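Engineer: When you get a sec, could you give me coordinates for this:
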Amino acid sequence: MIIVLLLAWFAYRYIPLHKVYEAISRWNILMLLVIINSFLVLFTVVMYARLKTEHFISNYLIIVGIMLILIIANVGEVYHYFKRKEQQKYVQVYEEYLPIIEGLIEQVRIRQHDYHNKLQSIHALAYVCEDFESLKGALLETTEHDMLPDFEMNLLKLNMHLVSGFLFSKIRQADKEGKELHLDIEQYVIRTTCTEYEVIECLGILIDNAIEATNEGGTILAKIGSQDDKLVFEIKNVGPHLTPEFCKNIFKKGYSTKKNDVSNHGIGLYKLNRTVKEREGKLILENVEVNQTEYISFGLII
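Structural biologist: Numbers count the residues shown, from 1 in each chain. Presented below is the predicted three-dimensional model:
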């Protein structure tokens, strides 16, 4: 009893229990499993040794067997735990970007109604205009706005609908910050071994970096497509000339050229590089010239 009290006092005095509690809260099931099972193993070994000291060594195989059973059970539980976490992330992506897709579809429906009215107006021009020149002028005036490229409609053609919603949200985000994110869609059928959640995570790192690095009024150029059953994405923004040191360090954990809030920077490209290697993809970093201006270009094949 005295030993237990001394241990309790020592833990209270010298061990940061609030940090232990925070760790348990953060890791919840995993931490609890480790603590509970470690306690069970130690409790079983101690009790068995105290009750049957003379047979402890001879029955060590039973103890090892119990430990192995607990380890196997833990491994199975940990696997399912991480699988559930991935499913939760995927559900969160659906909840975030599916409403955007539904909004885009609703806009298309409204526009279809507008086009129906526009067609009726064009049909009426044949009765209103008296000669070819007046009909030509009226047609050009009526259809001029409708000939503009419709990126919203093009986004809906992508086979990865969550990615469509994500890209639309990033275009809107750039617009709100006074920047232009110009996206070219080279193929509408994107083939990749990655899930849509993983694609969004990878594209998000590159697009967020480009938006953050672009000054107000600047333009970001991006394109997306597919080649050899892999997603191909490229994004360019005005940037400095690349040095060997920069290219060597840019994908290292913790490396960042950003001055403020350093604790939250230097992780994104490191995670992206790790994901790309796991998927046997490629990351291409280079300088390109656009309209006599030097841009920094990130290419992603995954």
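Engineer: Show me what the helix or strand Leu272 falls within is packed against.
Structural biologist: Per DSSP states H and E, Leu272 falls inside helix 268-278. The contact analysis (3 or more C-beta pairs under 8 Å, 6 or more residues apart in numbering; DSSP states H and E) places helix 268-278 against helix 196-213, strand 282-290. Just so you know, the C-beta spots here come from the backbone N, C-alpha and C atoms, and that holds for glycine as well.
Engineer: Out of the ones you listed, indicate the one that is most buried.
Structural biologist: Compared across the helices and strands packed on helix 268-278, helix 196-213 shows the largest average neighbour count, a mean of 20 (mean count of other C-beta atoms under 10 Å).
Engineer: Mind listing the strands the helix or strand following that one pairs with, and their directions?
Structural biologist: Using DSSP H and E, the helix or strand that follows helix 196-213 in sequence is strand 219-227. Partner strands and pairing direction for strand 219-227 (DSSP bridges) are strand 180-185 (parallel), strand 230-238 (antiparallel).
Engineer: Distance to Tyr97 added to the helices and strands packed on helix 268-278, as a markdown table?
Structural biologist: Listed next are those as a markdown table, based on distance: least, C-beta to C-beta, whole Å:
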| stretch | distance to Tyr97 |
| --- | --- |
| helix 196-213 | 8 |
| strand 282-290 | 24 |
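Engineer: Mean pLDDT and distance to Ile235 added to these, as CSV?
Structural biologist: Putting the helices and strands packed on helix 268-278 into CSV (pLDDT from 0 to 100; distance: least, C-beta to C-beta, whole Å) gives the following:
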stretch, mean pLDDT, distance to Ile235
helix 196-213, 92, 5
strand 282-290, 92, 11
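Engineer: Among the ones you listed, which comes closest to Lys136?
Structural biologist: Relative to Lys136, the nearest member of the helices and strands packed on helix 268-278 by C-beta to C-beta is strand 282-290, separated by 37.2 Å.
Engineer: Now do the very next helix or strand once past that closest one against helix 268-278, angle only.
Structural biologist: On the C-terminal side of strand 282-290, the closest following helix or strand by DSSP H and E is strand 293-301. Orientation check (axes from the mean of the first three to the mean of the last three C-alpha atoms, to 10 degrees): strand 293-301 against helix 268-278 gives 40 degrees.
Engineer: Run the angle between strand 293-301 and strand 282-290 for me.
Structural biologist: On the basis of the same axes, to 10 degrees, strand 293-301 is oriented at 160 degrees to strand 282-290.
Engineer: ok so Ile190 is a strand residue?
Structural biologist: No. Counting by DSSP: H, G, I helix; E, B strand; the rest coil, one finds Ile190 to be coil, located in no strand.
Engineer: my guess is it meets Val163, correct?
Structural biologist: Yes. Here Ile190 lies in contact with Val163, judged by C-beta atoms under 8 Å, at a distance of 7.2 Å.
Engineer: Now do the shared contacts for those two.
Structural biologist: Counting by C-beta atoms under 8 Å, 6 or more residues apart in numbering, the contacts common to Ile190 and Val163 are Val199.
Engineer: Provide a list of residue ranges in the stretch 1-150 of the chain with pLDDT below threshold.
Structural biologist: Applying pLDDT under 70 to the stretch 1-150 of the chain picks out residues 1-12, 14-63, 66, 77-78, 81, 104-105, 107-108, 110-116, 123, 142-150.
Engineer: Alright, that wraps it up for me.
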